[in-house]
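Q: pasting the sequence and the predicted model now:
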Amino acid sequence: MKRRIRFFMILAAGGILCQCGCRQVEMYFEGYRSRALPFPPTRGGQTVAVAVGTEPAEPLLEAEVAAKISYLLREQGYRVKEKAEATYLLSCWFGMDPAETFSGVMPIYEPGKVISTPVRTRRGHWRSVHTYLPGSTHYVPYSYTVYPKFVSLTLHDNELWAKSEEDTHAEAVIWRGTSVNADESTDLRWRLNHLLLACFKYWGQETIKQQRIWMGEEAEPVKELTEAIR
């Protein structure tokens with residue numbers, strides 16, 4: 001997981017400088033779907049239990065994230081139940097990795113100029129003499145820090161989960177989706193809204209390739225999600 005998050009973080013970090021001040025959140029998402037286990041339909045009132053964790057443990061934030069996931073599941077048409085009563089189990093793992101600082105030197109080219117000077121000829125006429133000054137390149141140092149954040153959702157068949165190996169539960173996995181972000185924000189609690197919405201944008205889908213997602217810092221779905229659990 002660490003290696004994957006770092007890979008996405010480096011990709012995302014490349015847009016920090018050019019996106020400065022635009023109030024847009026850049027994220028990347030990948031989804032994987034089982035070829036052996038069917039994905040539960042949104043209709044029919046399928047029951048799903050929610051389990052959330054992070055390291056180090058943050059019980060209050062975990063409970064808040066669980067409530068937001070439950071809300072998003074209900075929006076999809078599912079019923080959220082306790083684990084003992086549910087057909088499916090949706091586990092969530094989230095967190096923020098240590099900051100990464102990027103620094104270097106950025107070349108800035110200034111084009112050359114043309115200077116026109118009036119000159120009087122020997123016959124008494126005036127004409128312009130053009131002098132071409134070459135361009136120049138200046139090198140400006142830069143440094144910026146980004147904080148990689150992630151949300152990983154894994155949907156299990158609850159019955160198979162109970163029977164499978166406790167370390168991986170691989171044979172019980174129906175779908176897994178991971179959204180990542182790396183920007184200057186240290187507000188994990190707020191950014192989790194964007195990351196959860198990115199996951200549910202591709203809920204249940206096999207993405208084939210990595211998806212890049214842009215979302216407004218104060219987008220309406222973000223506000224609705226925060227208001228929904230108050």
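A: In hand now; what should we look at? Numbering: from 1, shown residues only.
Q: which residues touch S164?
A: A170, E171, A172 (C-beta atoms under 8 Å, 6 or more residues apart in numbering). Any C-beta I mention is one placed from the backbone N, CA and C, and that applies to glycine too.
Q: you'd agree the second one is up against W161?
A: No - checked against C-beta atoms under 8 Å, the pair E171 and W161 is beyond contact range at 9.0 Å.
Q: which parts of this protein are helices?
A: Ranges of helices in the chain, per DSSP state H, are 2-13, 59-76, 158-163, 188-201, 220-228.
Q: what's the most buried one of these?
A: Neighbour counts (mean count of other C-beta atoms under 10 Å) averaged over each of the helices of the chain peak at helix 188-201, with a mean of 21.
Q: if you count neighbours, what's buried in stretch 39-52?
A: F39, P40, Q46, T47, V48, A49, V50, V52 (16 or more other C-beta atoms under 10 Å).
Q: mind listing what the last one touches?
A: Right, the one you point to is V52. Applying C-beta under 8 Å, 6+ apart, the residues near V52 are E62, A63, V65, A66, I69, S91, C92, W93, F94.
Q: again, only using 10 Å
A: V52 makes contacts with 58-59, 61-70, 90-94, 151, 153, as judged by C-beta atoms under 10 Å, 6 or more residues apart in numbering.
Q: on that earlier part again, would you turn the helices of the chain into a markdown table with mean pLDDT and distance to E30?
A: A markdown table is the format used below for the helices of the chain (pLDDT from 0 to 100; distance: least, C-beta to C-beta, whole Å):
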| stretch | mean pLDDT | distance to E30 |
| --- | --- | --- |
| helix 2-13 | 44 | 8 |
| helix 59-76 | 97 | 18 |
| helix 158-163 | 92 | 22 |
| helix 188-201 | 98 | 10 |
| helix 220-228 | 94 | 21 |
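Q: which one of those helices lies nearest to Q210?
A: Comparing the helices of the chain against Q210 with C-beta to C-beta, the closest turns out to be helix 2-13 (7.8 Å).
Q: what's the most distant pair in the buried residues of stretch 39-52?
A: So, the buried residues of stretch 39-52 by C-beta to C-beta: farthest apart are F39 and V52, at 20.9 Å.
Q: what's the burial count for A219?
A: 17 (other C-beta atoms under 10 Å).
Q: cool, and F29?
A: 22.
Q: isn't it right up against T178?
A: Yes - if you go by C-beta atoms under 10 Å, F29 and T178 touch, sitting 6.9 Å apart.
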